[in-house]
Structures are given as structure tokens and as C-alpha cells.
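Chemist: here you go, sequence then predicted model.
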Amino acid sequence: MNKLLTYRPPRIAILLLIISLGLWYFSPPNTLLYMPYKLVAGVCIVLGFAGMILAWLQFKRSDAAVCPTAETSQIIMNGMYRYSRNPMYLGMFLILLGTSFIMGTLPSIAAPAVFFLIIDKFFIPYEEAKLLLSLGDSYKEYMLATRRWL
């Protein structure tokens, strides 16, 4: 298992947000984005947070493991999971994207971009391989019916 997988995705998102805020604070004040991007930022943050919390609540209600490295015995295919196989990751990405729009500078886009790459190249393939191994054809059918991100 890759060492990166020992870190929880919310902690990765928070760390990237802190780095992005530092880059924004210490970078030249060349704001590239103005209205209506600030409105788009608010929508991204609210939708991302709401989607992430709703998906997390679905896991809790189903008594499923939220941690990406924990054993999984079931697939949640209703609610948020009808539209995305990874709504919690999508929510974190939207929050980071919204905050980068608020900052409006070129360095601030690094956080959502790096988060997307880490999740898409390390966490999701690990989880998908683990679920295919443990759940087999039922997860394969779910993968074919539901997109990875949106």
C-alpha cells in the first residue's frame, strides 16, 4: 500500500487549503477572477459541503466504513451515490475549487488541482481494486452504471 494512502483525504484537503492560503497571502496581489466568479465560488463551496455531508451521513446510516483503507462489505448505490461513486471526494474538491475562486489568483488553483490528482491517481484506484476484489460483479455493475466523479 502506498504511504500516501495512510493519510485521510479530508486532512489532505485541509493541508492543501492551508498551503494555498499561504501562497495566496504571500503572492503578488494580482487577482485574476472577479464577479461573477465570487458567486460561483459560493455555490461551489455550499454544494461541495452539502454533498460531502449528505454522502457521509449515508455511510453512517448504513454502518459502512468511511475510511478508504477499511474493509468494506457493502456498496451504497442510492442518494448521492446514484450520481457519483465518490461524492465525498467531489465535495472536498468543490470546496477547494470554490476557495480558489474566492482567492482569485493563479497559485490558489494549485490546491484543487493537486487534490484531484492525488485522489484520482492514488485513492480511487486503490478503493476500486479493493472493492472489485471483495464485492466482485456487483461493484463492476455499479462502476458501469455510475460515473467516477460526476
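Modeler: It's in.
Chemist: so, low pLDDT: which residues of the protein?
Modeler: 1, 28-35 (pLDDT under 70).
Chemist: the lengthiest helix in the chain - contacts with which helices or strands?
Modeler: Looking across the chain with DSSP state H, the single longest helix is helix 37-61. Judged by 3 or more CB pairs under 8 Å, 6 or more residues apart in numbering; DSSP states H and E, helix 37-61 is in contact with helix 87-103. Backbone N, C-alpha and C define where each C-beta goes, glycine included.
Chemist: restrict the helix it packs on to CA atoms and write it as PDB.
Modeler: In PDB, the C-alpha atoms belonging to helix 87-103 read as follows (Å, rounded to 0.1, in the frame of the first residue of the first chain):
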ATOM      1  CA  PRO A  87     -19.400  12.200  -3.700                       C
ATOM      2  CA  MET A  88     -17.300  12.900  -0.600                       C
ATOM      3  CA  TYR A  89     -14.200  13.400  -2.700                       C
ATOM      4  CA  LEU A  90     -16.200  15.500  -5.200                       C
ATOM      5  CA  GLY A  91     -17.500  17.700  -2.300                       C
ATOM      6  CA  MET A  92     -13.900  18.300  -1.000                       C
ATOM      7  CA  PHE A  93     -12.800  19.100  -4.500                       C
ATOM      8  CA  LEU A  94     -15.700  21.600  -4.900                       C
ATOM      9  CA  ILE A  95     -14.800  23.300  -1.600                       C
ATOM     10  CA  LEU A  96     -11.200  23.700  -2.600                       C
ATOM     11  CA  LEU A  97     -12.300  24.900  -6.100                       C
ATOM     12  CA  GLY A  98     -14.600  27.500  -4.500                       C
ATOM     13  CA  THR A  99     -12.000  28.800  -2.200                       C
ATOM     14  CA  SER A 100      -9.500  29.100  -5.100                       C
ATOM     15  CA  PHE A 101     -12.100  31.200  -6.900                       C
ATOM     16  CA  ILE A 102     -12.500  33.400  -3.900                       C
ATOM     17  CA  MET A 103      -8.800  34.000  -3.700                       C
END
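Chemist: what angle separates it from helix 37-61?
Modeler: 160 degrees (axes from the mean of the first three to the mean of the last three CA atoms, to 10 degrees).
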